[in-house]
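Participant: Give the three-dimensional model of this entry:
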Amino acid sequence: MAEGGSTAISLPGDAIFDILSWTPLESLCRFRCVSKEWRAMISNPAFVVKHSSRAGPEPRLVASFYKGPYNGGILVMDTKGNVTRAIEGLGLLPTVRSSLDNLIAVSCYHSVTRVVDVVTGKVLVTFQAPEGPYAMRLGRSAVSRLYKVVRLTEGLSYHGQVPQQTCEVRTLGSVLGWRQARSPPAIVSFSGFDSFGATVNGVVYFLTSPTHGLPTRHRPGDDRVVCFNLLSEEWNKPIEGPLKADTELWSKTGDIRIAELKEALCMIQTEVRQTDHPCTNVWLLVDPDNSIWDKAYVIPKAMSSHVVEPLWMMPDGVKLLLRESRIANRRTAGLRVYDHCSGICTDMMKMPNSTFGKISRCNLHLDRFVAPPDGSNCRHG
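Facilitator: Modelled structure (predicted):
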């Protein structure tokens, strides 16, 4: 008998396994300290797979911050705005160029790029940034589960000439450096710290441009997408976008981005401000082989914002967490929640005053927390 006369109930191991497999990651990490038996169960590969299929990853927000000249870093926050880790010493104006699972690629102004593990705060690899504009994405092969970096660079070109772009690939955790891959089948849009790309299920996607350089409000980029397969390290058949073939849709388009949403590629079409009641339309790719897209969301756009991008689908399966960039009188992009049923956007949280630039998202998975203690997480994520 327990204190107070109540009877302690001992659940069978199968029941505990089932209950814990639905538990959020943050709580599950604490439960590993309950007993040796629970720690062994949670660390079991079969449990990791089951938890991944049920509870899913734990999202984290990452934003750049500064503490002084040449002393910038990255803040890692939960979706309530609580800072879970501050990674300092990343140099001048650190900017997240790509994020995947627990990894982020951070570039500094006229300096180096670092791949950082947001769980441990450790820098996994550092490499010199190439001269001139370039695009870069983190990815993970769907079969080998190896993390890779795909980098596109552009050579000098004179007026009227088509620029030459090259593609390089680097496997994280490998002693080998960059290796050459085939050039993209079309000119990819990129500039400065923005790389018009996304990674979904082992494929890295880039938006193309009819001419080189950065698309502008008066000259949006092409809506065609090129696809780099991380397993074969070859370019797949390009995907035609949903906009350019429709003259009316294309005339309203002011900006195009691509991103991952609900484990699918999405295209974000921002309408020009001259349009009556301008909106941001989110198209989901439903059939890559036949370039078929579905207009999934129509989001009202505040007149003070330039671009609205979805960061992730919230657990209720209805609301979207949005990032608004270039908000008037704000250094950092705003975070809002869009309710698809009501069509209403509401502010989510206020970012710390020291942050600047855009906000990115990464996902934490249980296998990263039960990985071997030697830190070899480039394969296990």
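Participant: residue closest to the middle of this structure?
Facilitator: Relative to the mean C-alpha position of the chain, the nearest C-alpha, by CA atoms, centre = their mean, is the one of S99, at 4.5 Å.
Participant: Looks like it contacts I359 (just checking).
Facilitator: No - S99 sits out of contact with I359 when judged by CB atoms under 8 Å, with a separation of 10.5 Å. Placement of C-beta: from N, CA and C, glycine included.
Participant: Which residues are in contact with each of the two?
Facilitator: Common neighbours of S99 and I359 are listed as V62 (criterion: CB atoms under 8 Å, 6 or more residues apart in numbering).
Participant: Return the set of residues that bridge with V149.
Facilitator: Here V149 shows beta-bridge partners L138, R170, assigned using DSSP bridges.
Participant: For it, which residues are in contact?
Facilitator: Listed by CB under 8 Å, 6+ apart, the contact partners of V149 are 105, 115, 136-139, 169-170, 172.
Participant: Just the pLDDT at it, thanks.
Facilitator: At V149, the pLDDT value in this model is 95.
Participant: swap in R273?
Facilitator: Each residue has a pLDDT score; the one for R273 is 66.
Participant: Quick check: buried residues in stretch 36-54?
Facilitator: 41-42, 47-48, 50-51 (16 or more other CB atoms under 10 Å).
Participant: Check those against A129 and report the nearest one.
Facilitator: Ranked by distance to A129 (CB to CB), the buried residues of stretch 36-54 are led by V48 at 35.6 Å.
Participant: In contact with the closest one, which residues?
Facilitator: V48 sits in contact with 366-367, 370, where contact means CB under 8 Å, 6+ apart.
Participant: Next, check the residues you listed against the strands and list the overlap.
Facilitator: Taking DSSP state E, every one of the contacts of V48 sits outside strands.
Participant: Could you say which of those is surrounded by the most neighbours?
Facilitator: Across the contacts of V48, neighbour numbers were computed from other CB atoms under 10 Å; L366 holds the maximum, 24 neighbours.
Participant: related to what we said a few turns ago, looking at the contacts of V149, which is nearest T270?
Facilitator: The nearest one, if we look at the contacts of V149 relative to T270 and count by CB to CB, is R137, at 21.2 Å.
Participant: Just want to check the distance between that closest one and P59.
Facilitator: Summarising the geometry, the distance separating R137 from P59, computed by CB to CB, to the nearest Å, is 19 Å.
Participant: same question, K237
Facilitator: Applying CB to CB to K237 and P59 gives a distance of 32 Å.
Participant: between these two, who's got more neighbours?
Facilitator: Of the pair K237 and P59, P59 is the one with more neighbours under other CB under 10 Å, namely 18 against 11.
Participant: residues contacting the more buried one?
Facilitator: P59 makes contact with 78-79, 312, 361-364 under the criterion CB under 8 Å, 6+ apart.
Participant: Mind checking what secondary structure I19 has?
Facilitator: The assignment at I19 comes out as helix when based on DSSP: H, G, I helix; E, B strand; the rest coil.
Participant: oh, I was asking about E26
Facilitator: Classification of E26 into helix, strand or coil gives helix, according to three-state DSSP.
Participant: count of residues packed around it?
Facilitator: Per other CB under 10 Å, the neighbour tally for E26 reads 11.
Participant: Leaving out chain neighbours, which residue sits closest to it?
Facilitator: The spatial neighbour of E26 that comes closest, neighbours along the chain excluded (CB to CB, 6 or more residues apart in numbering), is E58 at 6.2 Å.
Participant: Help me confirm that that neighbour comes into contact with C362.
Facilitator: No - using CB under 8 Å, E58 is not in contact with C362, being 9.7 Å away.
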